[in-house]
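>>> predicted structure and sequence below. I'll ask about it afterward.
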Amino acid sequence: MKDVTIYTDGACSGNPGAGGWAAIMIWKGREKELSGGEAETTNNRMELLAAISALEALKEPCRVTLYSDSKYLVDAVTLGWVHRWRRNGWMRTKREEAKNPELWQRLLDAAEKHEVEFKWVKGHDENEFNVKCDKIAVAESRKLSKNVKDLDLK
């Protein structure tokens, strides 16, 4: 089984607003960058899409260490919140629905194919890959934000 390291990040200009995500996948010293975005989204959705996109890009089962600066993402998985939400019909509490259930389901489905360890990394700090992911995600967000503004006919 291949050992793959993944760094992910999401960014949003406004929340909601134009957003971008990025992932850097590392295997045997080689890097592959993935990125994308949405014109109207949230930061949490972009954080999730970065992790989902990277895991879905793996062509075979791998041992993955996935780093994210999103406590929302890492805590939901490592503390078991997302599994409880799913068991409870995507409810966080008896009265409050979990947000982004379709993305959480995609994440769980993608993660089940691999051995994934989710780790939190302090954002915008000294980790070169987190900083690089942030720059890519912000660029995707700005690209979409500019496109949305260009379409504004007011």
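Alright, I've got the coordinates. Numbering: from 1, shown residues only.

>>> confirm that Lys99 sits in a strand.
No. Residue state for Lys99 (DSSP: H, G, I helix; E, B strand; the rest coil) corresponds to coil; a strand is not indicated.

>>> check contacts around it.
Asn44 (Cβ atoms under 8 Å, 6 or more residues apart in numbering). Bear in mind the C-beta positions are built from the backbone N, C-alpha and C, glycine included.

>>> confidence score at Gly89?
According to the prediction, Gly89 has pLDDT 96.

>>> please spell out which residues along the lengthiest helix in the chain are buried.
For the chain, the helix with the greatest residue count under DSSP state H is helix 128-151. By neighbour count on 16 or more other Cβ atoms under 10 Å, the buried set for helix 128-151 is 129-134, 136-138, 140-141, 144-145.

>>> how about stretch 4-21?
Using 16+ other Cβ under 10 Å as the test for burial, stretch 4-21 gives 4-13, 17-21.

>>> of all the residues you listed, which two lie farthest apart?
Val4 and Gly17 (31.3 Å; Cβ to Cβ).

>>> residues in contact with the lowest-mean-pLDDT helix or strand in the chain?
The weakest-scoring helix or strand in the chain, judged by mean pLDDT, DSSP states H and E, is helix 128-151 (a mean of 84). Helix 128-151 is contacted from outside by 7-13, 17-24, 26, 33, 35-40, 46, 50, 67, 69, 121-125, using Cβ under 8 Å, 6+ apart.

>>> please apply the same query to stretch 31-46.
By Cβ under 8 Å, 6+ apart, stretch 31-46 touches 10-12, 15-26, 49-50, 53-54, 57, 70, 72-73, 99-100, 103, 136-137, 139-141, 143-144, 147-148.

>>> pLDDT on it, on average?
For stretch 31-46, the mean pLDDT works out to 96.

>>> cool, and stretch 107-115?
98.

>>> and that stretch, which residues are buried?
Leu107, Ala110, Ala111, His114.

>>> a markdown table for those residues, including distance to Trp90 and secondary structure?
Output for those, formatted as a markdown table (distance: Cβ to Cβ, whole Å; DSSP: H, G, I helix; E, B strand; the rest coil):
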| residue | distance to Trp90 | secondary structure |
| --- | --- | --- |
| Leu107 | 13 | helix |
| Ala110 | 17 | helix |
| Ala111 | 17 | helix |
| His114 | 23 | coil |
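
>>> so can I have JSON lines of those showing distance to Gly89?
What follows is those, written out as JSON lines (distance: Cβ to Cβ, whole Å):
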{"residue": "Leu107", "distance to Gly89": "17"}
{"residue": "Ala110", "distance to Gly89": "21"}
{"residue": "Ala111", "distance to Gly89": "20"}
{"residue": "His114", "distance to Gly89": "26"}
